[in-house]
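Q: here are the coordinates; sequence isn't available:
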């Protein structure tokens with residue numbers, strides 16, 4: 001099972017931006033549908049974005065639509081989550097999640113579709 005590694009978290013003021021990265025060592029992410037899941041203290045996990053292997057029509061939750069964007073750099077074997085206009089309610093631990101696929105190439109819309117996980121990176125939005 002692939003081990004995913006996130007990076008790029010940190011603390012930022014409201015309205016600021018961050019870019020999270022997800023990579024895997026020894027595996028090509030070109031064969032993985034990637035999701036970004038976050039969990040705030042005391043709250044359930046939330047799938048906020050997902051990008052298929054065809055890089056078309058990413059999925060975004062209503063809570064981040066228009067502010068966050070998922071992208072893939074196959075040459076660097078990385079998937080990114082660009083986060084703009086961050087709000088205090090975006091404060092959470094963000095996880096990269098993956099699902100290996102050879103046939104279906106679109107985005108997934110459910111947390112249960114993913115079976116590989118990173119260790120998480122913390123994002124704090126505070127003034």
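A: The structure has been received and is ready for your questions. Quick caveat: nothing in here was measured; it's all calculated off a predicted structure.
Q: which parts of this protein are strands?
A: Secondary structure of the chain (DSSP state E): strands at 4-7, 10-12, 18-24, 32-39, 46-51, 59-60, 68-73, 78-83, 92-100, 116-117, 121-125.
Q: rounded mean pLDDT for the fifth one, please.
A: Going back to what we said before, that points to strand 46-51. In this model, strand 46-51 carries a mean pLDDT of 98.
Q: cool, and the last one?
A: Averaging the model's pLDDT scores along strand 121-125 yields 98.
Q: with the second one instead?
A: Computed over strand 10-12, the mean pLDDT rounds to 98.
Q: before we move on, the earlier item: could you dump the strands of the chain to CSV with distance to residue 110 and mean neighbour count?
A: Just so you know, the C-beta spots here come from the backbone N, C-alpha and C atoms, and that holds for glycine as well. Below are the strands of the chain laid out as CSV (distance: least, CB to CB, whole Å; neighbours: other CB atoms under 10 Å):
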stretch, distance to residue 110, mean neighbour count
strand 4-7, 18, 18
strand 10-12, 28, 14
strand 18-24, 18, 20
strand 32-39, 9, 24
strand 46-51, 7, 23
strand 59-60, 10, 20
strand 68-73, 16, 18
strand 78-83, 18, 22
strand 92-100, 10, 22
strand 116-117, 14, 17
strand 121-125, 22, 17
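Q: and the residue nearest in space to the middle of the chain, how far from residue 21?
A: For the chain, the residue nearest the mean C-alpha position is residue 36 (2.5 Å; CA atoms, centre = their mean). To residue 21, residue 36 is 11 Å away according to CB to CB, to the nearest Å.
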